[in-house]
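Participant: this one's structure only:
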C-alpha cells in the first residue's frame, strides 16, 4: 500500500493483540479484504448503477421559517437481487451555504460504492444565507440543521429498508468539508436528533468517513462508531488541528479513529487522492461494518 505521500495515524483501543497488529506497515482497518475475487464490497462486481433522483426523505423549516422539502438521490447496483445491502449516506460540502447532492466527488463515490454492492444516497439539506465564513451564530444553526437532516436520512433508510433492500444494521455516513463535519456530528451526536422526518427510527450509524472535516458542536463519547479522517496539512478552511483534536478526543474515549494526512494538500483534495480515498474508505467500511459477515 502506498505510503509515500501520507502520514497515517491510527487511534484504537490499546490492547496487546491490536497493538501487535498495528505494528505492520499498513494499519489494520486499512488493510484490503482478503479472499479470492471477485468479492462483494471489495471489488467493483457490478458494471452499471441505477440512479433514482428526487426522493423525499423529510421536511423542516429553514432559518426563514419556510418549510423545506428534503430530497435525496439513490444509487444502487444494476441487476442486484440482494435484499439486505449496507448503505452509505453521502453529504456534500459548501460551507453550509452552497453545494448540491450532485457534487462531483459525492456522485463519483456513490457510483463507485454502488458498483461494489452498496446502496448509496446523496442528500440535500437545509442551507443558510451566510454559511460559516465568518464563523458565527448562523454557522452554528447551519451545522445543526445539516446534522438533523442527515439523521433524518439515516432514519429514512431504516424506515424503507424492505422497500430498497437495505441492511439497516449497516449504515455509514460520509462527506466532504461541511458534509464531513456533518458526518462527524451524526456519528457523535445521537442524543440531539432534530425533527426533520421519519420519527421512531434510530439515527445511529455504524461508521463515519470525513474528507476535510472535524467534529464541531459535538464530541465523541465511549461506545460511539469508528471514524476515518482524511486531511491536508495546508487546509485553510478546516484546519488540520481541528481534525487532530477530534482524533485525540476519540482516543481519550477508547474509540477507533483512523487518520490519513497529506503533506501540503489543501481543502478537499479529492481529485488528487481519489484512488487512495476510495481504497481506504472501502477497506475501512469493510472491517468496521463487519461486511465479511454481511449478506453476499
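Facilitator: Done, it's in. Small disclaimer: the values here were computed from a predicted structure and weren't measured. Numbering: from 1, shown residues only.

Participant: how about the helices in the chain?
Facilitator: Read by DSSP state H, the chain holds these helices, from start to end of the chain: 16-22, 104-115, 137-159, 161-164, 178-188, 240-252, 270-288.

Participant: The third one - what's its average pLDDT?
Facilitator: Put plainly, it is helix 137-159. Regarding helix 137-159, the rounded mean pLDDT is 97.

Participant: How far does it sit from its chain's centre?
Facilitator: Shown here is helix 137-159, whose average C-alpha point lies 13 Å from the average C-alpha point of the whole chain (Cα atoms, centre = their mean, to the nearest Å).

Participant: Which pLDDT does the model give residue 184?
Facilitator: The per-residue pLDDT reported for residue 184 equals 98.

Participant: surely it meets residue 214?
Facilitator: Yes: taking Cβ atoms under 8 Å as the definition, residue 184 is a contact partner of residue 214 at 6.5 Å. Every residue, glycine included, has its C-beta placed from N, CA and C.

Participant: out of those two, which sits in the busier spot?
Facilitator: Between residue 184 and residue 214, residue 184 has the larger neighbour count (other Cβ atoms under 10 Å), namely 29 against 22.

Participant: how about the more buried one, what does it touch?
Facilitator: Taking Cβ atoms under 8 Å, 6 or more residues apart in numbering as the definition of contact, the neighbours of residue 184 are 208, 210, 213, 214, 215, 216, 218, 227, 246.

Participant: Quickly note the distance from it to residue 176.
Facilitator: 12 Å (Cβ to Cβ, to the nearest Å).

Participant: Ranking by neighbours, what's the top pick from the contacts of residue 184?
Facilitator: Most crowded among these, counting by other Cβ under 10 Å, is residue 213 at 32 neighbours.

Participant: nearest residue to it other than its sequence neighbours?
Facilitator: Computed as Cβ to Cβ, 6 or more residues apart in numbering, the closest residue to residue 213 that is not its neighbour in sequence is residue 180, at 2.3 Å.

Participant: All set, thanks.
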